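1. quick one: sequence plus predicted model below, questions after.
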Amino acid sequence: MRQKNSALMQSIKQYAEAYFLKNRTWPSLGQISTHLKIGKTTAYRYLHTMHDNGMIFYDGDQGVRTDLADKVRCDTCMVAVLGDVSCGLPKYADENIESYMELPRQLLGEGTFFLLRASGDSMIGADINDGDLVVIKQQNTAQDGDVVVALMEDEATLKTLFWDRTQKCARLHPENPKYQDIFVKDVLIQGIAVKVLKNVKHAH
């Protein structure tokens, strides 16, 4: 038997878990085949190999699942951690997920969320400090004054958004007077900040 591609196996697992977190059900063999652009026979063989080596659980009746289901309770949701906001954020590709964090549903409300780690001091005026985890609600629209994840070319940044009607562009405002506003016409809003998770600093 030909050796299985470990990267493809990891992609299958990541897609299955991401699908479960969004839909609270597991993807079918056909959905895995379509998403990964592989034949159903290939997907079937990979799933059995992954079951045999303990990566997933798979049988013909219950389909595919992982131990992620055992970690998720109805009053919580698993939120993907996508890394530092200053490092760029290529449109939520599965391979950019560093880990998952379980958060109370009551804390977040409805919607799809992800976590970014703030990098730098440009948003300290909004009490977002270097190393804080920022909860982002995924959406492509925002209002004046919203703290947004904005994608410019291949770089993402966390800033306060204002629409400049005169210049017909977005003004991305750092909450730190030592930085200048960024004016950009071609900007993609990836989400708005709704919560900040931080460690409490203790005096020494």
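-> That came in fine, so what should we check first? In this text, all values refer to a predicted model and were calculated from it rather than measured experimentally. Numbering: from 1, shown residues only.
2. all strands of the protein, in order?
-> Listed in chain order, the strands of the chain (DSSP state E) span 57-59, 63-65, 76-84, 99-104, 113-117, 133-138, 147-152, 155-164, 169-173, 182-184, 188-197.
3. tell me how far the residue lying closest to Leu188 once chain neighbours are set aside lies from Thr25.
-> If you skip the residues right next to it in sequence, Leu188 has Leu151 as its closest partner in space, 4.2 Å away by C-beta to C-beta, 6 or more residues apart in numbering. Glycine gets a C-beta too; all of them are placed from N, C-alpha and C. Counting by C-beta to C-beta, to the nearest Å, the separation of Leu151 from Thr25 is 30 Å.
4. just to revisit the earlier point, in JSON lines, list the strands of the chain along with mean pLDDT, distance to Tyr44 and mean neighbour count.
-> Compiled in JSON lines, those are given as follows (pLDDT from 0 to 100; distance: least, C-beta to C-beta, whole Å; neighbours: other C-beta atoms under 10 Å):
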{"stretch": "strand 57-59", "mean pLDDT": "85", "distance to Tyr44": "9", "mean neighbour count": "16"}
{"stretch": "strand 63-65", "mean pLDDT": "83", "distance to Tyr44": "10", "mean neighbour count": "19"}
{"stretch": "strand 76-84", "mean pLDDT": "76", "distance to Tyr44": "27", "mean neighbour count": "19"}
{"stretch": "strand 99-104", "mean pLDDT": "80", "distance to Tyr44": "27", "mean neighbour count": "14"}
{"stretch": "strand 113-117", "mean pLDDT": "87", "distance to Tyr44": "31", "mean neighbour count": "21"}
{"stretch": "strand 133-138", "mean pLDDT": "90", "distance to Tyr44": "32", "mean neighbour count": "20"}
{"stretch": "strand 147-152", "mean pLDDT": "88", "distance to Tyr44": "37", "mean neighbour count": "21"}
{"stretch": "strand 155-164", "mean pLDDT": "88", "distance to Tyr44": "37", "mean neighbour count": "19"}
{"stretch": "strand 169-173", "mean pLDDT": "91", "distance to Tyr44": "47", "mean neighbour count": "19"}
{"stretch": "strand 182-184", "mean pLDDT": "89", "distance to Tyr44": "47", "mean neighbour count": "15"}
{"stretch": "strand 188-197", "mean pLDDT": "90", "distance to Tyr44": "35", "mean neighbour count": "18"}
